[in-house]
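[1] Build me a model from this:
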Amino acid sequence: MSYPQSNTNILLVMPDNLSRKDSYLASDDEPLGIGWVIVQAVLFGFFIVALIAGEPMTDFPGLIYLRSAGLLLALFGSGISLWSAVEHRFRVSPFPRPVDGARLVESGPYRFVRHPMYSCIIASTMGAGLAYANLAAAITGLIFFIFFMAKTGREEEMLVVAVPGYREYRSAVPWRLIPRVI
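    The predicted structure follows:
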């Protein structure tokens, strides 16, 4: 299988030529996208540090409503994430490169957005930040949003080539992360 090659991505200067031989690669010249996973891990690290070390807001009118909404958003994100993994039969990867034998999933949350697991990470991080009334942690969700918009762009280049019917699916489900928005 041939995948579009590039040395860098446009939105984030992320090297795609970082590759290694494993079950996700057919050959050494096809990129795994480990740079994306490294940045994602750094963002998760920032989120955890922000939750632990960040100072929660205490004097805020309606704080109980903010925390309640955050908890609901975090639980919603976690639930949809599990549903997405089940629909994929737990055959998922943090790499933008599709797993060998990837199949098109159009059921469950994939009927509404093309990348619901990324949507759930955004919702869960923002929700947890709000539940803890921690602004730095909540902002991480917005940073994840920007990051996943870039990562899904790269990922979809490969999905169109690797997964039969993905191009038609992308036309049928026009939203990447948020239904009826983007």
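
[2] center of the protein, which residue is that?
    Tyr118 (2.5 Å; Cα atoms, centre = their mean).

[3] Could you tell me which residues make contact with that one?
    Phe144, Phe148, Lys151, Thr152, Leu177 (Cβ atoms under 8 Å, 6 or more residues apart in numbering). Glycine gets a C-beta too; all of them are placed from N, C-alpha and C.

[4] Measure how far the longest helix along the chain is from the centre of its chain, please.
    Assignment by DSSP state H gives helix 135-162 as the longest helix of the chain. Distance, stretch centre to chain centre, for helix 135-162: 5 Å (Cα atoms, centre = their mean, to the nearest Å).

[5] any idea how far the next helix or strand after it is from the chain center?
    Counting by DSSP states H and E, the next helix or strand C-terminal to helix 135-162 is helix 166-172. Taking Cα atoms, centre = their mean, one finds the center of helix 166-172 at 19 Å from the center of the full chain.

[6] Are there helices or strands packed against the longest helix of the chain, and which ones?
    helix 34-53, helix 116-131, helix 166-172 (3 or more Cβ pairs under 8 Å, 6 or more residues apart in numbering; DSSP states H and E).

[7] What is the burial count for Ala41?
    11 (other Cβ atoms under 10 Å).

[8] I meant to write Arg67 there.
    Neighbour number of Arg67 under other Cβ under 10 Å is 17.

[9] Let me know the pLDDT of it.
    pLDDT, the model's per-residue confidence, is 93 for Arg67.

[10] In contact with it, which residues are there?
    Contacts for Arg67 (Cβ under 8 Å, 6+ apart) come out as Leu130, Ala131, Tyr132, Ala133.

[11] three-state assignment of it?
    helix (DSSP: H, G, I helix; E, B strand; the rest coil).

[12] quick one: it from Ala138, how far?
    Distance of Arg67 to Ala138, given as Cβ to Cβ, to the nearest Å: 11 Å.
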